[in-house]
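Student: quick one, what's the 3D model for this:
(chains A and B)
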Amino acid sequence: MSDPRDTPAPYWNSYKAGFGLGLVLLASFLLVGRGLGASGAATRIATYAVHKVDAAAHGGTEAEATSVAKKNAYLGQYVKGPGDPLDDFLVYLLVGLLVGGFVSGVLDRRVSFEITRGPGTSARRRLVLAVLGGVVSAFGARLARGCTSGQALTGGASLALGSWAFMMSVFGGGYALAYFFRKEWIR
Amino acid sequence: MNPIAPVAKIMEWGPSTQVLVAVFLGFGFGFFLEKGGFGNSRVLAGQWYGYNFAVLRVMFTAVVTAMLGLFGLYYAGLVNLDLVYVNETFLWPQIVGGVIFGFGFVIGQFCPGTAVVGAVTGKIDAMAYVSGFLVGAVLFAFGYPLIARFYESSSMGRVLLPDVLHVPAGIVAFAVVLMAIGAFALTHLLDRKLGNA
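Tutor: Numbers count the residues shown, from 1 in each chain, chains lettered A, B, ... in the order given. Below you'll find the predicted structure:
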């Protein structure tokens, strides 16, 4: 018998969760003058990591980094001074995202080490596909200059043309490929 | 009445206030994503395989809520839209990037924000997705010279749907609301047809 205190609470009604999310997005527009984003922080973290590895490989001090990150045509735009790549709205947003998700999970007893996967797949296969999906998504998000939050939600709500094109393309691409991965999720 | 938003620009908030506000907004962002079930890849996969439409419902509800708030306050004269950053359009990179992102979504059954929420609630597949995403971000940066021309192509600047459709923003917003309601109705119809709980 499971103790009800250990049973996860049900998820919220989607419209209620979506309304809450929409208010946060609106607050972001009204308070800071820009929307939300999740993938942009990854670029800053990547820049920071490349910078650190670079410094370590060249004597270990920050100052001696031969600036692989700085010279990189893409990462270079995020390196201006020391500590710069992480001093960004999107990185602070990510800090909040980590805490907010965790707090909600704790309150609803949903924090547990597990691999969420479909009925027809092995844990190992699920993890391999998750990593692969992450790599592919990163390419898509960087090319489009944003992901589901930075483009679809934020650009969608501010009626940006390219963001709507992005949103429709995500659904198009997703449904086009879904057939080939159906055995992972449905019997 | 003068616009009162965006507050940070009109009040000239300092960096520490902005950091605090960003963390606070991120908190709400993560909180509602987790409440909606987005830390679990099974919920997200339901969108593609027709057994759970939380993705579409949460997403469109959020878009409509923020859109009505933003443009409503703009029409009321309380928001200076010129000071609100609107994603610039690079049409083809966004279309191709969107398709690739859709592929990644279906392969990994997460997107960046949802994976972060999954990872902090202990979901190991979400941690796997996040690590893949970080690797992908580095790979993209080093492969960037190969695609730089395409990345910068079809640059249109700040273009809103009302600009290209030549109708007022209010009409576009109304159409978006109708589309969202239509999409919600469709998902409920599908739920009944497919026998979803």
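Student: is it true that residue B:100 touches residue A:143?
Tutor: Yes: using C-beta atoms under 8 Å, residue B:100 is in contact with residue A:143, at 6.5 Å. For the C-beta atoms, the positions are set from N, CA and C on the backbone; glycine is no exception.
Student: what's around residue B:153, how many residues?
Tutor: Counted with other C-beta atoms under 10 Å in any protein chain shown, the neighbours of residue B:153 add up to 12.
Student: my read is that it contacts residue B:92, right?
Tutor: Yes: counting by C-beta under 8 Å, residue B:153 touches residue B:92, with 5.8 Å between them.
Student: thinking again about what came up before, tell me which of residue B:100 and residue A:143 has more neighbours.
Tutor: Ranked by neighbour count (other C-beta under 10 Å), residue B:100 and residue A:143 place residue A:143 first, with 25 against 22.
Student: any idea of the pLDDT on the more buried one?
Tutor: For residue A:143, the model assigns a pLDDT of 98.
Student: how much space between it and residue B:197?
Tutor: Between residue A:143 and residue B:197 the computed distance is 37 Å (C-beta to C-beta, to the nearest Å).
Student: now do residue A:49
Tutor: Plainly put, residue A:49 is 43 Å away from residue B:197 if you go by C-beta to C-beta.
Student: the two: which is more packed in?
Tutor: Shown here are residue A:49 and residue B:197; by other C-beta under 10 Å, residue A:49 has more neighbours (15 against 5).
Student: so what's residue B:142 closest to, chain neighbours aside?
Tutor: residue A:72 (6.9 Å; C-beta to C-beta, 6 or more residues apart in numbering or on different chains).
Student: residues contacting that neighbour?
Tutor: A:50, B:141-142, B:144 (C-beta atoms under 8 Å, 6 or more residues apart in numbering or on different chains).
Student: pLDDT score assigned to it?
Tutor: 89.
Student: also residue B:185?
Tutor: Residue B:185 carries a pLDDT score of 98 in this model.
Student: give the buried residues for the helix or strand where it lies.
Tutor: For residue B:185, the element it lies in under DSSP states H and E is helix B:169-194. By neighbour count on 16 or more other C-beta atoms under 10 Å in any protein chain shown, the buried set for helix B:169-194 is B:169, B:172-173, B:176, B:180, B:184, B:187.
Student: what about residue A:10, neighbour count?
Tutor: 8.
Student: wait, residue B:103
Tutor: Neighbour number of residue B:103 under other C-beta under 10 Å is 24.
Student: residue A:101 touches residue B:123, doesn't it?
Tutor: No: Residue A:101 lies out of contact with residue B:123 (C-beta under 8 Å); the separation is 10.4 Å.
Student: of these two, which one has the most company?
Tutor: residue A:101 (32 against 28).
Student: check contacts around the more buried one.
Tutor: Residue A:101 touches B:30-31, B:33-34, B:39, B:116-118, B:120-121, counting by C-beta under 8 Å, 6+ apart.
Student: what ranges does the chain have for its helices?
Tutor: By default, I'm working from chain A. A:14-32, A:40-57, A:68-71, A:89-107, A:123-144, A:154-157, A:161-178, A:182-185 (DSSP state H).
Student: was after chain B, sorry
Tutor: Going by DSSP H, chain B shows helices at B:7-10, B:15-35, B:41-49, B:54-75, B:91-108, B:112-120, B:124-151, B:161-165, B:169-194.
Student: gap between the two ends of stretch B:107-124?
Tutor: Stretch B:107-124 has an end-to-end distance of 16 Å (C-alpha to C-alpha, to the nearest Å).
Student: ok, and for it, which residues are buried?
Tutor: Quick answer for stretch B:107-124 (16+ other C-beta under 10 Å): B:107-124.
Student: which pLDDT value goes with the spatially closest residue to residue B:6 that is not a sequence neighbour?
Tutor: If the residues on either side of it in the chain are set aside, residue B:6 comes closest to residue A:33, at 3.1 Å by C-beta to C-beta, 6+ apart. Note for residue A:33: predicted pLDDT of 96.
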